[in-house]
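Chemist: only geometry, no sequence info:
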């Protein structure tokens, strides 16, 4: 963290998930680092100073810090080329809490999903907090990071995946969907849920019915419900160790 640390990370070509910069900072020494990040296409996130304080854990950050990736990403085209005829892929449209992201990844691995796709912007990445919440799943799970979720959904469709968007406005209840062949489970972020353009690309919009007073489920819980419904459909108890 801090100017010198970020400079060193950029020079060394370290795996950086994103660089956080304090909003409204007047420190001119940060601009060359910001320019270098843009040149190398490293995501920048401008945050309130208090948010940087939390990320730094009390350390001195000078208005900038680099968040290192805890694990690597794979290209979508490679993953699609390797996907089986019954592969399941989870697409997360803007999950910003690393603990939620890690929990989804842990569940995806437990349910036998082939990969999880996340966007480059407006999303948590493979940070240490994500890795901790995933409880070891990142060692075994394929993660893809894309610049544009909707283009990724188009690529999934072209590869023969049917897209199931989980949304409270869905006409079908989730267990009524077919989930046959290759399928992608698409879930939105904590605040806005599934975005309109993302929902429009889905072949099915399905909902998880709620019977209590809360208006929605946590995204990691919704992912668990969805993934294990697919697993239930496709797998007999004796086959529980075979991947989807």
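Modeler: Here it is on my side, so go on. Keep in mind the model is a prediction, meaning the values are calculated, not measured.

Chemist: grab the most central residue of the chain for me.
Modeler: Centrality entry for the chain: nearest residue to the mean C-alpha point is residue 118, 3.4 Å, by Cα atoms, centre = their mean.

Chemist: quick one: secondary structure of it?
Modeler: Look at residue 118: counting by DSSP: H, G, I helix; E, B strand; the rest coil, its state is strand.

Chemist: distance of it relative to residue 207?
Modeler: Residue 118 sits 23 Å away from residue 207, going by Cβ to Cβ, to the nearest Å. Where C-beta positions appear, they are placed from N, C-alpha and C, glycine not excepted.

Chemist: what is the lengthiest helix in the chain packed up against?
Modeler: Taking DSSP state H as the criterion, the chain has its longest helix at helix 219-234. Helix 219-234 is packed against strand 88-93, helix 98-111, strand 162-166, strand 183-188, with contacts defined by 3 or more Cβ pairs under 8 Å, 6 or more residues apart in numbering; DSSP states H and E.

Chemist: now do the domain split for this protein, please.
Modeler: The record assigns the chain these domain ranges, following automatic domain parsing: 3-68, 76-239.

Chemist: winner for burial among these?
Modeler: Most buried of these, by mean neighbour count (mean count of other Cβ atoms under 10 Å): domain 76-239, with a mean of 18.

Chemist: so where do the strands sit in this protein?
Modeler: 16-22, 44-47, 64-68, 88-93, 115-119, 143-146, 162-166, 172-173, 183-188, 204-207 (DSSP state E).

Chemist: how far away is the most far-flung residue of the chain relative to its centre from residue 42?
Modeler: Residue farthest from the centre of the chain, counting by Cα atoms, centre = their mean, is residue 28 at 32.9 Å. Noted for residue 28: a distance of 20 Å to residue 42, by Cβ to Cβ.

Chemist: my read: residue 230 touches residue 178, true?
Modeler: No - under the criterion of Cβ atoms under 8 Å, residue 230 is not in contact with residue 178, lying 10.4 Å apart.

Chemist: got any residues that touch both of the two?
Modeler: Common contacts of residue 230 and residue 178 (Cβ atoms under 8 Å, 6 or more residues apart in numbering): none found.

Chemist: who does the residue nearest to the centre of the chain bridge with?
Modeler: Counting by DSSP bridges, residue 118 forms beta bridges with residue 145.
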